[in-house]
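*Asks:* sequence below, structure please.
(one chain, ligands or ions: 1)
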Amino acid sequence: MRVLVLGGGVIGVSCAYYLSEAGHEVELVERQSAAAMETSYANAGEVSPGYSAPWAGPGVPLKAIHWMLMQHSPLVIWPLLDPAMWRWGAMMLANCTAKAYAINKSRMVPIAEYSRDCLKALRASTGIRYDERAQGTLQLFRTQKQLDATAKDIAVLQQYGVPFELLDRAGFVRVEPGLADTQHKFVGALRLPNDETGDCHLFTQRLAAMAGTRGARLRYDTAIIGVEREGDRISGVRTQAGLLNADVVVMALGSYTPLMLKPLGLRIPVYPVKGYSLTLPIVDVAHAPESTIMDETHKVAVTRLGDRIRVGGTAELAGYSLALREPRRATLAHVVSDLFPGAGDLARAEFWCGLRPMTPDGTPIVGPTPLANLLLATGHGTLGWTMAAGTGRVIADLVSGRKPEVDLDGLTMARYRR
Ligand SMILES: Cc1cc2nc3c(=O)[nH]c(=O)nc-3n(C[C@H](O)[C@H](O)[C@H](O)COP(=O)(O)OP(=O)(O)OC[C@H]3O[C@@H](n4cnc5c(N)ncnc54)[C@H](O)[C@@H]3O)c2cc1C
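*Replies:* Here you go, the predicted structure:
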């Protein structure tokens, strides 16, 4: 098949790689001059099937009000006059029930776990390196109330057979020795030993190069202007480099996917939820993190990536604005200094933001559409790095006429029309 992959983030590149590996003739179109220059550039680095859960859940609306009032708030909402944002917010609220949470989680976990297994297999078959570590993730609790609240999360982990460890201070310092001097700030931790970490940007760029070696054409610096439809098919993709066509089109444009779909008469509830990160060079290895540590109070993740520390977090509803806001930087700097004082050089930190392509139910949109030759791979929200390899495999299987190893019921856009 001749396949056009639109978008060169971690999702598009994973699709392009697995499609080329399956023997298809692949062309990837990306407006930036390289792969993974937008949302896949500097995320928090967690490959975390263990934490694959929707943001929308019972109790979240109340918690959201509390978060917005905090000094270092994990949630910021700009009251924009944007109907798409309010529609999305209303759909998210409707998903804050125990029933919806259970359904959404049951759709997210299988693709996340499958994806982690695909990533392991990819490492074994290609030797790809990306400052990866397989040392689990640690969620740190500052209060007994937070620790007690884990009972609910633990019940869910048990339900899905996800291994976990509940650790006291001595326990979490054993896995994260860099917390020895700051351990008194925390009452305990929950560790998911099967989670992994790694640099999504490095991974995506290297995987793109591997796709290129397998024959994929990587068209960078090429903006897509629009997609043309004839009946129930895509007839062409208008780009800066002219009209491109193919047997199958895979759309993986992250937060921009709904804008490209709208003129085709297709609607998906994907909205940009902005997040920020700081990347610091390590200057004191003994006090640096080993893997990912999630500060439950601030919802900020601190991750070791080779000789750097990545600090990522915040959810900001601000439309498509990419403005770097100083208060968000202050929150990230506060958390990393509070947990690992002096471990990294904040003066040399790189400050970044990206737009998570979020669905209101937290579940990505992967698979067929009402148009016969259009597949979607988008809406991965907070977990695009975690779910990328699995998404690429599913798309390659669909194009190859093979049954994907993950059940697609509940993952396609059809769920929004029921
Ligand atoms: C602060 C933060 C922390 C995060 N932490 C984690 C984490 O720890 N673990 C995890 O699993 N996930 C995490 N995520 C989420 C993850 O980064 C995203 O889900 C993932 O990067 C989305 O990938 P994508 O390929 O769908 O989108 P993108 O990376 O945005 O790729 C879409 C591509 O489409 C291109 N494009 C768009 N429009 C056009 C056009 N018109 N023409 C040509 N090209 C176009 C863009 O240039 C872009 O390269 C985090 C996100 C943020 C912001």
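
*Asks:* what parts of the stretch 251-400 of the chain come near the ligand?
*Replies:* The stretch 251-400 of the chain comes close to the ligand at residues 252-254, 256, 275-277, 301, 312, 354, 356-357, 378, 380-386, as judged by C-beta under 6 Å from any ligand atom. To be clear about C-beta, it is placed using only N, CA and C from the backbone, and glycine gets the same treatment.

*Asks:* swap the cut-off to 8 Å and go again
*Replies:* Applying C-beta under 8 Å from any ligand atom, we find that the stretch 251-400 of the chain lies next to the ligand at 252-257, 259-260, 273-277, 292, 301, 303, 312-314, 352-357, 377-388.

*Asks:* the bottom helix or strand of this structure by mean pLDDT?
*Replies:* helix 60-69 (a mean of 79; mean pLDDT, DSSP states H and E).

*Asks:* now do the buried residues in the helix or strand that contains residue 109.
*Replies:* Per DSSP states H and E: residue 109 is located in helix 98-126. Within helix 98-126, the residues that count as buried by 16 or more other C-beta atoms under 10 Å are 100-101, 103-105, 107-116, 118-119, 122-123.

*Asks:* which residues in the stretch 1-150 of the chain form helices?
*Replies:* 10-21, 60-69, 83-94, 98-126, 144-159 (DSSP state H, counting those that start in this stretch).

*Asks:* redo those helices as TSV? Include distance to the ligand.
*Replies:* Shown next, in TSV, are these (distance: least, C-beta to the nearest ligand atom, whole Å):
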stretch	distance to the ligand
helix 10-21	3
helix 60-69	16
helix 83-94	16
helix 98-126	8
helix 144-159	17
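
*Asks:* ranking those by mean pLDDT, which is last?
*Replies:* Among these, helix 60-69 has the lowest mean pLDDT, at a mean of 79.

*Asks:* between that helix and helix 83-94, how big is the angle?
*Replies:* Angle, helix 60-69 to helix 83-94, by axes from the mean of the first three to the mean of the last three C-alpha atoms, to 10 degrees: 120 degrees.

*Asks:* which parts of helix 60-69 are buried?
*Replies:* Buried residues in helix 60-69 (16+ other C-beta under 10 Å): 60, 64, 67.

*Asks:* tell me which residue of the stretch 301-418 of the chain lies closest to the ligand.
*Replies:* residue 384 (2.1 Å; C-beta to the nearest ligand atom).

*Asks:* a strand runs through that residue, doesn't it?
*Replies:* No. Assigned with DSSP: H, G, I helix; E, B strand; the rest coil, residue 384 falls outside any strand and is helix.

*Asks:* so how many other residues sit close to it?
*Replies:* Neighbourhood size, residue 384 [other C-beta atoms under 10 Å]: 26.

*Asks:* what's the pLDDT at residue 267?
*Replies:* pLDDT, residue 267: 96.

*Asks:* look up how far residue 410 lies from it.
*Replies:* 18 Å (C-beta to C-beta, to the nearest Å).

*Asks:* try residue 172
*Replies:* 35 Å.

*Asks:* what about the strands in the stretch 201-350 of the chain?
*Replies:* 217-219, 224-230, 233-239, 242-244, 248-251, 271-281, 292-295, 300-305, 308-317, 350-358 (DSSP state E, counting those that start in this stretch).
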